[in-house]
Structures are given as C-alpha cells and as structure tokens.
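*Asks:* Need the 3D shape of this:
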Amino acid sequence: MESSTRDLRAYLRGTWTVQRSLLDRATGARGSFSGLLTFTDTDDDGALLQRESGTIRWGQHEGPATREYVWRPTSESDTMDVFFPDGRFFHRVSLSAEPASPGSAGAEAEHWCAPDTYRVSYEVVGPDELRYEWDVMGPAKDLLLTTVLARMP
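*Replies:* Numbering: from 1, shown residues only. Presented below is the predicted three-dimensional model:
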C-alpha cells in the first residue's frame, strides 16, 4: 500500500482539482464536470468536510454544480465512513485493499439507492492523485462516472 494512504484523513486533507467524465450508457450521452474539491477539518471528532464546486456540462445543460459529504474516521487510520450532509450513511472507504497496480492502493464499496445500485472503486495513484469510478446500474440509471483528483500545490 502507498505509504501516504496509511492515514487516510491526512492523505485527503487539502485542495484538489477534480475532472469527471460522465457517461449515460443507456443513451450514449456524455458529459463532464471540472472544478475544485476541498477536504477541510470540521469541529466534529476529526471529520473532514468534502466540498466540491465547479461546472457541469451534460447534454444541453452547462452550469455551476456543488455537493458536500462528511468523512468520519473509524478505528482504523486507513478507513473512513462517508455520510451525506443530512447524516445518512453513504459508504465506507478503506484503502488497505490489495493494490490495483504496483505502488498504488485501492478500495471498493457499494451503496443502494432505490431502485439503483452504486458501486465505487477507488485507486490511489500516488501522493497527489486519487481516482475513483462510480458504476451506477438499475432500472432508473445506467451511468459510469470517472473522477480524477489531483492535489493542488
């Protein structure tokens, strides 16, 4: 495992650029999101607030987009639980999994949001790059959302 991910909270803290490609596999529609993502300390037991803002381009739509999550530490330093802003559990991220490639670390998680299933795969490419891919499948959605985060200096 990449040594910088042994402490997931420390690894994530800071500002990242975010580039996301969006694919609706049912229609072939493609889109993108680009912007900034920050992980900042909260006053709540070592939690991090993930705040993302930027521009989304999807079909005829182009405009600002934002979202937030709260990442809470667990008893394992390489694992955090991700929550929606209203406090509902989203998924667990543990970067102690076997690496997807030499020098990287990875993790997979799943979230069911009726009627669809969201599966995510994380890959730590290095100390300044994190990639993750959401594969969303079900009767309502058939999406592939691929994100690359690059740490800002």
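*Asks:* contacts and neighbour counts: CA atoms only from here.
*Replies:* OK.
*Asks:* What sits closest to Ala109 if chain neighbours are left out?
*Replies:* Leaving aside its sequence neighbours, Ala109 sits nearest to Val120 (C-alpha to C-alpha, 6 or more residues apart in numbering; 5.3 Å).
*Asks:* What's the end-to-end length of stretch 28-47?
*Replies:* One end of stretch 28-47 sits 38 Å from the other (C-alpha to C-alpha, to the nearest Å).
*Asks:* What are the buried residues along it?
*Replies:* By 16 or more other C-alpha atoms under 10 Å, the buried positions in stretch 28-47 come out as 30-41, 47.
*Asks:* ok, now stretch 118-135?
*Replies:* In stretch 118-135, counting by 16+ other C-alpha under 10 Å, buried: 118-126, 130-135.
*Asks:* can I get the buried residues of stretch 28-47 in a markdown table with secondary structure, distance to Arg88 and pLDDT?
*Replies:* Formatted as a markdown table, those follow (DSSP: H, G, I helix; E, B strand; the rest coil; distance: C-alpha to C-alpha, whole Å; pLDDT from 0 to 100):
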| residue | secondary structure | distance to Arg88 | pLDDT |
| --- | --- | --- | --- |
| Arg30 | strand | 29 | 97 |
| Gly31 | strand | 28 | 98 |
| Ser32 | strand | 27 | 98 |
| Phe33 | strand | 25 | 98 |
| Ser34 | strand | 26 | 98 |
| Gly35 | strand | 25 | 98 |
| Leu36 | strand | 24 | 98 |
| Leu37 | strand | 21 | 98 |
| Thr38 | strand | 21 | 98 |
| Phe39 | strand | 19 | 98 |
| Thr40 | strand | 19 | 97 |
| Asp41 | strand | 19 | 95 |
| Ala47 | coil | 15 | 96 |
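*Asks:* about what we covered before: before we move on, which element is the residue nearest to Ala109 in?
*Replies:* Here Val120 is covered by strand 116-126, with elements defined by DSSP states H and E.
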